[in-house]
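Q: Pasting the sequence and the predicted coordinates here, then a few questions.
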Amino acid sequence: MDTSKSLATLDDKNPPLREQVYAYLKKQLNDGLLKPGVFLDLNSIGNDLGLSRTPLRDALLRLEAEGFVTIHSRRGVLIKPLDLATIRNSYQILGALEAATIVEASQTFTDDDTRTMFELNAVMRSSLASNNFDDYYEANLAFHDVYISHSANSELRRLIRIHKERLYDFPRREGYLSEWETQSIHEHEALARLLEARNFNEAATFVRDVHWSFSVQERYIMSYYFAREAALGPRL
């Protein structure tokens, strides 16, 4: 594992050491330096970072609570693979939570918010045309955050963030499925139109039953996450 990047680079505002360790391990996961399905070498991580076991343990407990690792009392810490059941569960959770934020946003949503969503969708469209997936990804998150940010429920917002990180940043995939991304842009357009018309209940239903519906998105999910496995043979 490449540990050339020290924790000091993550210490912009002197957060607690456990927070720095957590951020460091999350970046290692995102960059693909810690692989799903592999047990962590805790001694190596601790020695490389110059840490005692306490901040490392605290960071690992948080990662386990968020579903990124499993701590086995005898075997060690396993980085959990992103399997089909986890994806299905995350879609159901995200659909329900984002629908709730849309209903809540009905009291505070503005025309400026709608304009921002249309602008971000345009950024997604141009980024896809130029094969710039990083910009597409950031605009995609920002699009949803326009209405999610209206929720006063910080725990709800935290859960949305965690499930999206689990789906998108574990690790971040280099390629994308252009057909899926194009379809997502069309869905964003439809969602923004519903919000523009202040049809919040319809918008909430749409985001739950279409945009975050596992059954609606399943063919894209299988192609994006499991194309390599399908090429190797049937899933058991």
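A: Noted; the coordinates are in hand. Numbers count the residues shown, from 1 in each chain.
Q: Go through the biggest helix by length in the chain and flag the buried ones.
A: Ordering each helix of the chain by length in residues (DSSP state H) puts helix 84-105 first. Neighbour-count burial for helix 84-105 flags 86-87, 90-91, 94-95, 97-102, 104-105 (criterion: 16 or more other C-beta atoms under 10 Å). No exception for glycine: its C-beta is placed from N, CA and C like everyone else's.
Q: pLDDT weak spots in the protein?
A: 1-14, 171, 174, 228-236 (pLDDT under 70).
Q: what about 90?
A: Counting by pLDDT under 90, the chain has low-confidence residues at 1-38, 40-60, 67, 72-76, 81-82, 133-134, 168-178, 225-236.
Q: Domain ranges for it, per the record?
A: Split into domains by automatic domain parsing, the chain comes to 7-79, 84-232.
Q: what helices or strands is the helix or strand hosting Asp145 leaning on?
A: Element membership for Asp145 (DSSP states H and E) is helix 133-148. Counting contacts by 3 or more C-beta pairs under 8 Å, 6 or more residues apart in numbering; DSSP states H and E, helix 133-148 is packed against helix 84-105, helix 111-129, helix 154-168, helix 178-196.
Q: Glu202: which of these is closest?
A: Of all those, helix 178-196 sits nearest to Glu202, with 5.2 Å by C-beta to C-beta.
Q: Could you point out the helix or strand that follows the closest one?
A: helix 200-206.
Q: In that following helix, which residues are buried?
A: Buried residues in helix 200-206 (16+ other C-beta under 10 Å): Phe200, Glu202, Ala203, Ala204, Thr205, Phe206.
Q: phi, psi of Ser149?
A: Main-chain torsions, Ser149, degrees, to the nearest 10: phi -70, psi -20.
Q: What residues does the nearest residue to it once chain neighbours are set aside make contact with?
A: The shortest distance from Ser149 to any non-neighbouring residue, by C-beta to C-beta, 6 or more residues apart in numbering, is to Arg157 (7.7 Å). By C-beta atoms under 8 Å, 6 or more residues apart in numbering, the contact set of Arg157 is Thr101, Ile148, Ser149, Ser151.
Q: As a markdown table, the residues you listed with distance to Tyr168 would be great.
A: Below are these laid out as a markdown table (distance: C-beta to C-beta, whole Å):
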| residue | distance to Tyr168 |
| --- | --- |
| Thr101 | 18 |
| Ile148 | 15 |
| Ser149 | 19 |
| Ser151 | 20 |
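Q: Give me the buried entries from the residues you listed.
A: Applying a neighbour-count criterion of 16+ other C-beta under 10 Å, the buried members of the contacts of Arg157 are Thr101, Ile148, Ser151.
Q: Check the gap between the first one and Arg157 for me.
A: As for Thr101, its distance to Arg157 is 8 Å (criterion: C-beta to C-beta, to the nearest Å).
Q: Overlap of the contact sets of the two?
A: Contacts common to Thr101 and Arg157, judged by C-beta under 8 Å, 6+ apart, are Ile148, Ser151.
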